[in-house]
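Asker: Generate a structure from the sequence data that follows.
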Amino acid sequence: MKRTLLADWAKRFDLSELSLTPGETFSATRLRIELLAGLTVALALVPEAVAFAFVAGVHPLVGLYAAFIVGLITALIGGRPGMISGATGALAVVMVSLVAQHGVEYLFATVVLMGALQITAGVLRWGKFIRLVPHPVMLGFVNGLAIVIFLAQLGQFKVPGTMENTGHGMSGGEWLTGTPLYTMLALVALTMAVVWLMPRFTKAIPAPLAGIGLVAAIVLIFGLDVPRVGDLASIEGGLPPFHIPSVPLTLETFEIILPYAVILAAIGLIESLLTLNLVGEMTNKRGGASQECIAQGVANTVTGFFGGMGGCAMIGQSIINVKSGGRTRIAGVAAAVFLLIFILFAAPLIEQIPLAALVGVMFMVVIGTFAWNSLRILRKVPLSDALVIVLVTVVTVQYDLAIAVVVGVIVSALTYAWNNAKRIHAITGKEMDGTKVYRVQGPLFFGSASGFVELFDLENDPDKVIVDFAESRVVDQSALQAIEAVAGKYLAAGKRLQLRHLTRDCHRMLKKAGHLMVDSDDDPDYGLAVDYDVKTGVLGGGH
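Answerer: Numbering: from 1, shown residues only. Next up, the predicted model:
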């Protein structure tokens with residue numbers, strides 16, 4: 001048993017995972033690509049973590065510690081190598097009211113509970129339910145997040161010293177004007193141009209890293225007066241200290257943090273699992289949804305005990321990593337380690353990086369994230385799918401990701417149910433003895449139950465009627481009730497009703513319901529059909 005567990009664990013770090021193409025093996029070149037991708041991601045993480053800390057109303061180091069710990073743990077044991085996790089805005093907007101009302105210690109306790117809930121979800125393998133998210137919802141998800149990332153960068157075009165933290169994030173502030181604005185725009189455009197053009201000439205250095213380095217060099221050499229990372233906040237600090245949240249261990253505390261923990265756990269898992277699917281599509285590799293749930297849970301539990309604000313997968317940084325060549329756990333681990341190095345030793349240097357360079361990189365992420373093909377196919381896909389894409393996009397931007405995905409799934413499910421409900425119909429015929437046969441077609445479930453009842457012409461039907469389900473399927477309790485309702489009407493009218501060609505699944509449902517006796521001794525391999533006489537409770541011959 002131990003050998004099997006060790007083998008499974010070793011398989012996660014198999015060097016075959018390190019190849020970009022089927023024939024490529026691990027080498028010094030691959031290691032260099034992974035480390036440079038990690039460095040690029042770490043640079044992009046700094047302003048994001050600081051900004052989200054401000055949104056949540058906590059010290060910038062609380063966001064940076066979360067980015068380091070969550071990023072490190074999920075990189076080591078997460079379900080998808082190449083994914084990047086850290087402090088995110090989707091979680092920060094939920095945390096702000098908790099911090100404002102009860103303080104940061106309650107936030108740490110909430111993050112610990114959040115992690116425990118995510119571990120539970122992973123152990124119970126609830127991650128597989130991400131399969132229920134339809135493709136239109138995925139398109140709306142990436143489009144909405146692309147817009148959110150874009151809007152988040154606009155705050156960098158304001159004068160840092162004039163912005164205020166209102167408890168709901170950085171707001172207000174004066175927009176840059178004149179020369180500072182034109183300089184900022186020019187540097188952003190230069191960064192974007194480098195990111196776009198450089199892969200056409202060489203891939204020795206990740207294009208985003210080259211863009212950041214070039215723009216930073218220009219700013220430092222020419223002494224340009226533009227906003228820099230240090231204008232947001234100082235990122236200098238020490239190692240994250242172990243700290244048990246200072247909250248009363250009472251039922252009242254639990255009642256305060258539980259609602260926040262549930263919401264944060266749900267949002268974190270939804271965003272992480274959707275990002276996992278997106279990265280999987282980009283790298284053509286599958287990921288483990290339940291493993292990712294456990295990794296996110298462990299990361300957040302640990303983060304709560306080390307003064308971090310918690311986090312989840314970050315679609316923007318994940319795309320930066322993939323576009324920079326990161327395909328393995330090495331890149332994610334390197335990003336976390338580089339971030340810690342920035343905090344401990346290189347804060348003065350990192351604080352000199354111009355925000356324009358990071359904004360330019362994020363703008364390219366927006367361009368790469370937005371599903372532009374969704375605009376082209378809006379007229380070609382069914383109207384319901386087009387509406388779901390737009391709806392999820394708008395709700396993601398206006399509210400948050402979790403609400404958007406839930407709304408999208410519900411609307412898609414209702415649309416599916418409605419379309420299937422319209423499929424129920426019957427073809428009628430007569431047998432040699434005058435028996436009328438209703439050949440039901442289409443699924444019989446809660447949505448089509450009323451339509452099923454309306455198929456029958458009780459007054460004009462003969463004394464014996466057969467309902468043939470060979471081309472139908474009894475799905476749920478509403479379907480059983482509909483069958484009983486029809487049977488009851490024929491029974492009250494003194495007529496005989498038989499059910500024919502029910503599948504074995506239908507047999508089990510009818511037996512489980514306890515309303516109709518069904519003999520399920522038909523051949524389990526060949527599924528011999530049986531007739532069920534509702535009036536007499538006698539099984540007829542196979543058909």
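Asker: Counting neighbours, what do you get for the residue nearest to V475 when sequence neighbours are not counted?
Answerer: Spatial nearest neighbour of V475, excluding adjacent residues (C-beta to C-beta, 6 or more residues apart in numbering): F445 at 3.8 Å. From N, CA and C alone the C-beta is placed, and that goes for glycine too. For F445, the count of nearby residues is 20 (other C-beta atoms under 10 Å).
Asker: F445 touches A479, doesn't it?
Answerer: Yes. Assessed by C-beta atoms under 8 Å, F445 is found in contact with A479 at 5.4 Å.
Asker: Could you list the low-confidence segments of the protein?
Answerer: Residue ranges of the chain with pLDDT under 70: 1-26, 160-173, 503-543.
Asker: what's the single longest strand in it?
Answerer: Ranked by number of residues, the top strand in the chain under DSSP state E is strand 464-474.
Asker: Distance check, the residue of the chain most remote from its centre against L497.
Answerer: Going by C-alpha atoms, centre = their mean, the residue of the chain most distant from its centre is D433, 58.9 Å out. The gap separating D433 from L497 is 15 Å, by C-beta to C-beta, to the nearest Å.
Asker: next one: V219
Answerer: To L497, V219 is 83 Å away according to C-beta to C-beta.
Asker: Just the element for the residue nearest the centre of the chain, please.
Answerer: With distances taken as C-alpha atoms, centre = their mean, L274 lies nearest the centre of the chain, 2.7 Å away. Per DSSP states H and E, L274 falls inside helix 251-283.
Asker: quick one, what contacts the nearest residue to I350 once chain neighbours are set aside?
Answerer: Distances taken as C-beta to C-beta, 6+ apart put F342 closest to I350, at 4.8 Å, once the chain neighbours are dropped. The contact partners of F342, taken as C-beta atoms under 8 Å, 6 or more residues apart in numbering, are A42, V46, I235, I350.
Asker: tell me which element F342 is part of?
Answerer: Using DSSP H and E, F342 maps to helix 329-344.
Asker: Outside of whatever helix or strand comes next after that helix itself, which residues are in contact with it?
Answerer: With elements assigned by DSSP H and E, the helix or strand that comes after helix 329-344 is helix 347-350. Here helix 347-350 makes contact (C-beta under 8 Å, 6+ apart) with L43, V46, V229, S234, I235, E236, G237, F342.
Asker: any idea whether the second one is helix, strand or coil?
Answerer: In three-state terms, and counting by DSSP: H, G, I helix; E, B strand; the rest coil, V46 is helix.
Asker: Okay, now the sheet partners of the helix or strand containing G429, with direction.
Answerer: Assessed by DSSP H and E, G429 sits inside strand 425-430. Note on strand 425-430: by DSSP bridges, its sheet partners are strand 436-444 (antiparallel).
Asker: ok, back up a step: does the residue nearest to the centre of the chain touch A404 like I think?
Answerer: No. At 10.4 Å, L274 does not count as touching A404 under the criterion of C-beta under 8 Å.
Asker: Spit out the residues that contact these two alike.
Answerer: Common contacts of L274 and A404 (C-beta under 8 Å, 6+ apart): F141.
Asker: ok, now which ones touch the residue nearest to the centre of the chain?
Answerer: Residues near L274 by C-beta under 8 Å, 6+ apart: I130, V133, M138, F141, I315, L401, V405.
Asker: hang on, the earlier thing: what do F445 and A479 both touch?
Answerer: Contacts common to F445 and A479, judged by C-beta under 8 Å, 6+ apart, are absent.
Asker: Spell out, range by range, the helices that occur in the stretch 151-300 of the chain.
Answerer: With DSSP state H, counting those that start in this stretch as the criterion, the stretch 151-300 of the chain has helices at 178-197, 207-222, 229-232, 251-283, 289-304.
Asker: Can you name the next helix or strand after the last one?
Answerer: Pointing back at helix 289-304 there. Remark: after helix 289-304, the chain's next helix or strand is strand 312-313, criterion DSSP H and E.
Asker: what packs against that next one?
Answerer: helix 251-283, helix 289-304 (3 or more C-beta pairs under 8 Å, 6 or more residues apart in numbering; DSSP states H and E).
Asker: Now render those as a markdown table, adding distance to G115.
Answerer: As requested, the helices and strands packed on strand 312-313 are exported to a markdown table (distance: least, C-beta to C-beta, whole Å):
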| stretch | distance to G115 |
| --- | --- |
| helix 251-283 | 8 |
| helix 289-304 | 3 |
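Asker: Of these, which stretch is the most buried?
Answerer: helix 289-304 (a mean of 26; mean count of other C-beta atoms under 10 Å).
Asker: angle of that one against helix 251-283?
Answerer: Computed with axes from the mean of the first three to the mean of the last three C-alpha atoms, to 10 degrees, the direction of helix 289-304 lies at 130 degrees from that of helix 251-283.
Asker: could you turn helix 289-304 into CSV, dropping everything but the C-alphas?
Answerer: The C-alpha coordinates for helix 289-304 follow below in CSV (Å, rounded to 0.1, in the frame of the first residue of the first chain):
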residue,chain,number,x,y,z
ALA,A,289,-10.4,18.5,-10.2
SER,A,290,-10.7,16.9,-6.8
GLN,A,291,-6.9,17.0,-6.3
GLU,A,292,-7.1,20.8,-7.0
CYS,A,293,-9.9,21.2,-4.4
ILE,A,294,-7.7,19.5,-1.8
ALA,A,295,-4.7,21.6,-2.8
GLN,A,296,-6.6,24.8,-2.5
GLY,A,297,-8.0,23.7,0.9
VAL,A,298,-4.5,22.8,2.3
ALA,A,299,-3.1,26.1,0.9
ASN,A,300,-5.8,28.2,2.5
THR,A,301,-5.7,26.4,5.8
VAL,A,302,-2.0,27.0,6.1
THR,A,303,-2.3,30.6,4.9
GLY,A,304,-4.8,31.3,7.6
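Asker: Give me the helices and strands touching that helix, please.
Answerer: Here helix 289-304 touches helix 60-77, helix 104-123, helix 251-283, strand 312-313, going by 3+ C-beta pairs under 8 Å, 6+ apart.
Asker: Now tabulate these in TSV and tack on distance to V298.
Answerer: Formatted as TSV, those follow (distance: least, C-beta to C-beta, whole Å):
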stretch	distance to V298
helix 60-77	6
helix 104-123	6
helix 251-283	12
strand 312-313	13
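Asker: N300: which of the ones you listed is closest?
Answerer: N300 sits nearest to helix 104-123 of all the helices and strands packed on helix 289-304, at 3.4 Å, using C-beta to C-beta.
Asker: Start and end of stretch 95-111, how far apart?
Answerer: End-to-end distance of stretch 95-111 (C-alpha to C-alpha, to the nearest Å): 10 Å.
Asker: just to revisit the earlier point, for V440, see how far away the residue farthest from the centre of the chain is.
Answerer: The gap separating D433 from V440 is 21 Å, by C-beta to C-beta.
Asker: still on that earlier bit, make a markdown table out of the contacts of helix 347-350 and add distance to I244.
Answerer: Listed next are the contacts of helix 347-350 as a markdown table, based on distance: C-beta to C-beta, whole Å:
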| residue | distance to I244 |
| --- | --- |
| L43 | 33 |
| V46 | 28 |
| V229 | 32 |
| S234 | 26 |
| I235 | 25 |
| E236 | 25 |
| G237 | 20 |
| F342 | 27 |
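Asker: Now the buried members of the residues you listed.
Answerer: Taking 16 or more other C-beta atoms under 10 Å as the criterion, what is buried in the contacts of helix 347-350 is L43, V46, V229, I235, E236, G237, F342.
Asker: what's the farthest-apart pair in these?
Answerer: The farthest-apart pair in those, when distances are taken by C-beta to C-beta, is L43 and G237, at 17.2 Å.
Asker: re earlier: out of the helices and strands packed on helix 289-304, nearest to L154?
Answerer: Among the helices and strands packed on helix 289-304, helix 60-77 comes nearest to L154, with 19.6 Å by C-beta to C-beta.
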